[in-house]
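> starting from these lines, generate the structure:
(chains A, B, C and D)
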Protein chains: 2
Amino acid sequence: MNISEVSQRAGLPSKTIRYYEEIGLIQPARRANGYRQFSEADLHRLAFVGRARSLGFSIEDCRSLLTLYEDRGRASADVRAIAAGHLRLIDERLAEMQQMRQTLADLVNACAGDARPDCPILADLAAPVADSTAEDQTPK
Amino acid sequence: MNISEVSQRAGLPSKTIRYYEEIGLIQPARRANGYRQFSEADLHRLAFVGRARSLGFSIEDCRSLLTLYEDRGRASADVRAIAAGHLRLIDERLAEMQQMRQTLADLVNACAGDARPDCPILADLAAPVADSTAEDQTPK
DNA sequence: GATAAGGCTTCCAGTTACTGGAGGGTCAAT
DNA sequence: ATTGACCCTCCAGTAACTGGAAGCCTTATC
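Residues are numbered from 1 along each chain as shown, chains lettered A, B, ... in the order given. Below you'll find the predicted structure:
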């Protein structure tokens, strides 16, 4: 297989596939003319990585998962640990984003959104700057 | 004010403040010795940006918001448009992440997480590679 | 005056995971 | 011989910082 076929079948841009080779996720063979020649196994690895990436695993996670995947004797606990750690990360980010969303939605609702210059969004962004003249400054 | 005081009061690392100057978000004065000399207005701008960033606005959003903030005659609708656009983005990302979270949580639950090598997580990641021998290939 | 600690400066490189483009070889068909 | 579609490598750029090196400036102490 040439790169464009793999690209299509794995659902990854050719650029990305070359990049994955560069960082050592795959090592496709080469033809005499220098073209990459992909095996079904290469395609399989790429599809695996693509799927893991779409679940938000980092490249380094993917590297670990690939290793585990190809280690016939690994314990499923190892895989689970990576996935569970990732899940925790996602949950944290979700919580942050929901907090952000809430604040922002409140602001958008509070804003008239008309031609007048008064805008609670800007007012809020500008709000709380600590005062240097007093409080909490360690005096020298 | 020197940079470290501003850093503390705005809640941004000095490195970040220098970076914000580099990209033109602020233009603090300089002392004879080359040190940056920050005004209260500079501090204010930085705090504004810090707050907007923590709400997930991009640097370019911040640039626009700052301009609007300092334009006494702007319409609140302009600000609202930026914020609302950002809110839509956040909602999209939230939906994606929730989808991701769901799939991942299902996988983690399905995985025994013991010493046995069988792992539904890996099985799922490996699963669906299209077959090139048939279906959906536009023949030439 | 020497010295040391801390703060300030600039500049360069690295991070993540690609993406775009230039410049140029290869292949199949006309 | 010449398209046009592939393929190659290498370089640069993205977002938004972060870390580190090398080197002034300031202040305090001995």
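> now residue A:35: closest residue in space, sequence neighbours ignored.
If the residues on either side of it in the chain are set aside, residue A:35 comes closest to residue A:2, at 6.1 Å by CB to CB, 6 or more residues apart in numbering or on different chains. For glycine as for every other residue, the C-beta is placed from the backbone atoms N, C-alpha and C.
> that neighbour contacts residue A:33, correct?
No. Assessed by CB atoms under 8 Å, residue A:2 is found out of contact with residue A:33, at 10.7 Å.
> which of these two has more neighbours?
Neighbour totals were compared for residue A:2 and residue A:33, and residue A:2 leads with 12 against 6 (other CB atoms under 10 Å in any protein chain shown).
> please, which helix or strand holds residue A:81?
Using DSSP states H and E, residue A:81 sits in helix A:76-110.
> give me the angle between that helix and helix B:76-110.
Calculated by axes from the mean of the first three to the mean of the last three CA atoms, to 10 degrees, helix A:76-110 forms an angle of 160 degrees with helix B:76-110.
> and DNA strand D, is helix A:76-110 touching that?
No. Helix A:76-110 is not in contact with DNA strand D by CB under 7 Å from any atom of the strand; minimum separation 13.7 Å.
> just the buried residues of that helix, please?
Going by neighbour count (16 or more other CB atoms under 10 Å in any protein chain shown), the buried part of helix A:76-110 is A:76, A:78-84, A:86-87, A:90, A:94, A:97, A:100-101, A:104, A:107-108.
> got a list of what the residue nearest to residue A:93 when sequence neighbours are not counted touches?
The spatially closest residue to residue A:93, leaving aside those adjacent along the chain, is residue B:97, at 6.7 Å (CB to CB, 6+ apart). Shown in contact with residue B:97 (CB atoms under 8 Å, 6 or more residues apart in numbering or on different chains): A:56, A:90, A:93, A:94, A:97.
> same thing with residue A:42?
Residues in contact with residue A:42 (CB under 8 Å, 6+ apart) are A:1, A:6, A:26, A:28.
> what's the burial count for the nearest residue to residue A:36 once chain neighbours are set aside?
Computed as CB to CB, 6+ apart, the closest residue to residue A:36 that is not its neighbour in sequence is residue A:28, at 4.5 Å. Neighbour count of residue A:28, defined by other CB under 10 Å: 21.
> for residue A:28, give its distance to DNA strand C.
16 Å (CB to the nearest atom of the strand, to the nearest Å).
> for the residue nearest the centre of chain A, what are phi and psi?
Centroid-nearest residue in chain A: residue A:56, 4.7 Å away (criterion: CA atoms, centre = their mean). When quoted as degrees, to the nearest 10, the phi and psi of residue A:56 stand at phi 90, psi 10.
> what does stretch A:79-93 rub up against?
For stretch A:79-93, the external contacting residues (CB under 8 Å, 6+ apart) are A:55-57, A:61, A:64-65, A:68, B:97, B:100-101, B:104-105, B:107-108, B:111-113, B:119, B:121-122.
> and it, C-alpha only, in CSV?
C-alpha atoms of stretch A:79-93 as CSV (Å, rounded to 0.1, in the frame of the first residue of the first chain):
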residue,chain,number,x,y,z
VAL,A,79,-4.1,-0.7,30.3
ARG,A,80,-6.9,0.2,32.7
ALA,A,81,-4.5,2.3,34.7
ILE,A,82,-3.7,4.5,31.7
ALA,A,83,-7.3,4.7,30.7
ALA,A,84,-8.5,5.5,34.2
GLY,A,85,-5.8,8.2,34.6
HIS,A,86,-7.0,9.7,31.3
LEU,A,87,-10.6,9.5,32.4
ARG,A,88,-9.7,11.5,35.6
LEU,A,89,-8.0,14.1,33.4
ILE,A,90,-11.0,14.4,31.2
ASP,A,91,-13.3,14.8,34.2
GLU,A,92,-11.1,17.6,35.6
ARG,A,93,-11.2,19.4,32.3
